[in-house]
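Participant: sequence unknown, structure follows:
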């Protein structure tokens with residue numbers, strides 16, 4: 001099976017450049033909702049203090065906002081996620097470089113393309129994609145017994161029998177809920193890959 005590459009949907013960049021303020025504001029809200037948690041998670045995982053995380057997120061987003069009118073996304077030049085990682089790394093380095101350590105070394109001593117930095121970035125990126133998929137599936141399904149059974153059984157790791165008893169459903173329904181919601185999550189994640 002061929003791997004699907006993560007390529008950012010260029011339409012978000014076109015909407016960020018729009019001269020009409022309303023579509024541009026919507027695009028910025030979408031951009032912030034999608035990427036701010038990744039930037040914050042990366043900063044957190046590299047040991048940034050809570051008071052510094054918001055500043056790093058703001059530095060990266062304000063920097064990109066300033067660049068957005070002239071930013072030309074070209075997938076041939078690399079993935080946007082790599083560009084964003086380097087921007088986030090530089091913001092971290094500038095703000096708190098010597099106080100952040102990766103594998104015992106300060107950011108001054110580590111290349112943003114190193115395997116250690118790349119692993120942290122990829123972990124945070126994938127966790128955020130899963131979190132986003134789970135939120136979208138939860139929103140689509142609502143507070144149904146099916147979703148609650150999945151969440152209790154899979155997310156909160158409660159025994160299937162206990163979930164069935166608590167929700168007053170047959171244990172086979174708990175297993176079916178897991179299959180159904182897992183399938184919806186996989187479809188959502190595949191859609192995210194298509195749009196990235």
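Facilitator: Nice, thanks for sending it over. As the structure is a prediction and not an experimental result, all values here were calculated from the model.
Participant: what's the burial count for residue 131?
Facilitator: Counted by other Cβ atoms under 10 Å, the residues lying close to residue 131 total 12. C-beta coordinates here come from the backbone N, C-alpha and C atoms, glycine included.
Participant: which non-adjacent residue is nearest it?
Facilitator: The shortest distance from residue 131 to any residue other than its chain neighbours is 7.4 Å, reached at residue 37 (Cβ to Cβ, 6 or more residues apart in numbering).
Participant: name the SS class of that neighbour, please.
Facilitator: Under DSSP: H, G, I helix; E, B strand; the rest coil, the three-state class of residue 37 is helix.
Participant: quick one: it from residue 176, how far?
Facilitator: In this view, residue 37 and residue 176 are 31 Å apart by Cβ to Cβ, to the nearest Å.
Participant: go on, residue 161?
Facilitator: When distances are taken as Cβ to Cβ, residue 161 and residue 176 turn out to be 15 Å apart.
Participant: before we move on, what about residue 190?
Facilitator: 21 Å.
Participant: model confidence score at the residue nearest to residue 131, please.
Facilitator: Reading off the per-residue confidence, residue 37 sits at a pLDDT of 94.
Participant: count the residues that sit near it.
Facilitator: Going by other Cβ under 10 Å, the residues that sit close to residue 37 add up to 16.
Participant: do residue 135 as well
Facilitator: A count of nearby residues for residue 135, using other Cβ under 10 Å, gives 11.
Participant: list the buried residues of the top helix by length along the chain.
Facilitator: With DSSP state H setting the assignment, residue counts place helix 115-141 as the longest helix in the chain. Neighbour counts over helix 115-141 (16 or more other Cβ atoms under 10 Å) mark 117, 120-121, 124-125, 128-129, 132-134, 137-138, 141 as buried.
Participant: now, which of the residues you listed sits nearest residue 81?
Facilitator: residue 125 (6.1 Å; Cβ to Cβ).
Participant: that closest one against residue 80, yeah?
Facilitator: No: with contact taken as Cβ atoms under 8 Å, residue 125 and residue 80 are classed as non-touching, separated by 11.0 Å.
Participant: measure the residue most central in space within the chain to residue 86 for me?
Facilitator: The residue lying closest to the centre of the chain (Cα atoms, centre = their mean) is residue 128, at 2.9 Å. Using Cβ to Cβ, we find residue 128 at a distance of 18 Å from residue 86.
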